[in-house]
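Asks: starting from these lines, generate the structure:
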Amino acid sequence: MITLRPTEDRGHFDFGWLDTHHTFSFGDYFEPEHEQFRALRVLNEDRVQAGKGFGTHGHRDMEILTWVLSGALEHRDSLGTHGIIRPGEAQVMSAGTGIRHSEFNASATDPVHFLQIWILPERAGLAPRYAQTAFATAELQNTLRLIASPDGALGSVKLFQDVKVHAARLEAGRSVSAELSTGRSGFLQVARGAVSLNGVAMKAGDGARIEGESAIQVVAGFPSEILFFDLA
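Replies: Numbers count the residues shown, from 1 in each chain. Below is the predicted model of the structure:
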């Protein structure tokens, strides 16, 4: 069963410096039917204006994955980490017992557009950590590239949860497919473009819960970028 979460139904706030859409309940947006899906707790699409960002703030007991679509995002945290995340790079931060960080647009002239994903960890009280990995353009083109996983397979960033995250950039007319093991569910997010998921039309910003399906096929109608979550 494919259950569509249309982009226009998401929570939306425009603060001027930040334009943000929330697939699941977050902050001042609360939707009881969309609090989380399996271990997927937050999926925010953010656009931050040049020179702006999120000041230092804290998190606990959450796996936080960031995927930049355009621009560059600068990260600093209480572990002493400093990094800039660009398209094609996956960054994960385990908040664990507590971490403080800031995130700012790294450009003084251009906006940054990114997805931030929160995944519930397998247990509370993990040690905080940070990791960042870059993937070559060819690795993402017209294929589902594993970017995050519970064992760090194939050079993906490690998550402390039984969740596998794949990314793909698809040319128009190209397709990708994946199998889902018995008892597992999926979630597909269209970051840009337009695709069909097992025959269901989806546009940029749309998400879809995938339940009771043994496999998926995603066909791009236009140049598109997607994230696919394989969830226990």
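Asks: burial measure for L73, as a count.
Replies: For L73, the neighbour count with other C-beta atoms under 10 Å is 26. Quick note: C-beta positions are derived from backbone N, CA and C, even for glycine.
Asks: so what's it up against?
Replies: V48, G53, T66, I84, I85, E103, F104, N105, A106, V112, F114 (C-beta atoms under 8 Å, 6 or more residues apart in numbering).
Asks: out of everything not next to it in sequence, what's closest to the last one?
Replies: In other words, F114. Nearest residue to F114 in three dimensions, chain neighbours excluded: V68, at 4.4 Å (C-beta to C-beta, 6 or more residues apart in numbering).
Asks: the helix or strand of the chain with the lowest mean pLDDT pairs with which strands, parallel or anti?
Replies: Least confident element among the helices and strands of the chain, by mean pLDDT, DSSP states H and E: strand 53-59 (a mean of 89). Sheet pairing of strand 53-59 (DSSP bridges) gives strand 99-105 (antiparallel).
Asks: which residues touch the partner strand?
Replies: Contacts of strand 99-105 (C-beta under 8 Å, 6+ apart): 48-60, 66, 71-79, 93, 111-112, 128.
Asks: buried subset of the residues you listed, written for PyMOL?
Replies: Buried residues among those (16 or more other C-beta atoms under 10 Å), as a PyMOL selection:
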select buried, resi 48+49+53+59+66+71+72+73+74+75+77+93+111+112+128
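Asks: next secondary structure after the least confident helix or strand of the chain?
Replies: strand 63-70 (DSSP states H and E).
Asks: taking strand 99-105 as reference, get the angle to that following strand.
Replies: Per axes from the mean of the first three to the mean of the last three C-alpha atoms, to 10 degrees, the angle that strand 63-70 makes with strand 99-105 is 10 degrees.
Asks: which strands and helices sit next to strand 63-70?
Replies: strand 89-94, strand 112-119, strand 185-192 (3 or more C-beta pairs under 8 Å, 6 or more residues apart in numbering; DSSP states H and E).
Asks: quick check: angle from it to strand 112-119?
Replies: Going by the same axes, to 10 degrees, strand 63-70 makes 160 degrees with strand 112-119.
Asks: what's in contact with strand 63-70?
Replies: In contact with strand 63-70 (C-beta under 8 Å, 6+ apart) are residues 73, 75, 85-87, 89-95, 103, 111-121, 147-148, 157, 159-161, 165, 167, 191-192, 225, 227.
Asks: which stretches of this structure form helices?
Replies: 137-140 (DSSP state H).
Asks: where in it is pLDDT low?
Replies: Along the chain, the model assigns pLDDT under 70 to no residue.
Asks: one more time with 90
Replies: Applying pLDDT under 90 to the chain picks out residues 57-59, 77, 79-81, 83, 101.
Asks: starting at the chain centroid, how far to stretch 147-162?
Replies: In terms of C-alpha atoms, centre = their mean, to the nearest Å, the centre of stretch 147-162 is found 14 Å from the chain centre.
Asks: in that stretch, what counts as buried?
Replies: Burial within stretch 147-162, assessed by neighbour count using 16+ other C-beta under 10 Å, is assigned to I147, A148, S149, S156, V157, K158, L159, F160, Q161, D162.
Asks: so who does the fifth one touch?
Replies: To tie it back to what came earlier, the one meant is V157. V157 neighbours (C-beta under 8 Å, 6+ apart): L65, A90, Q91, V92, A131, Q132, T133, I147, A148, S149.
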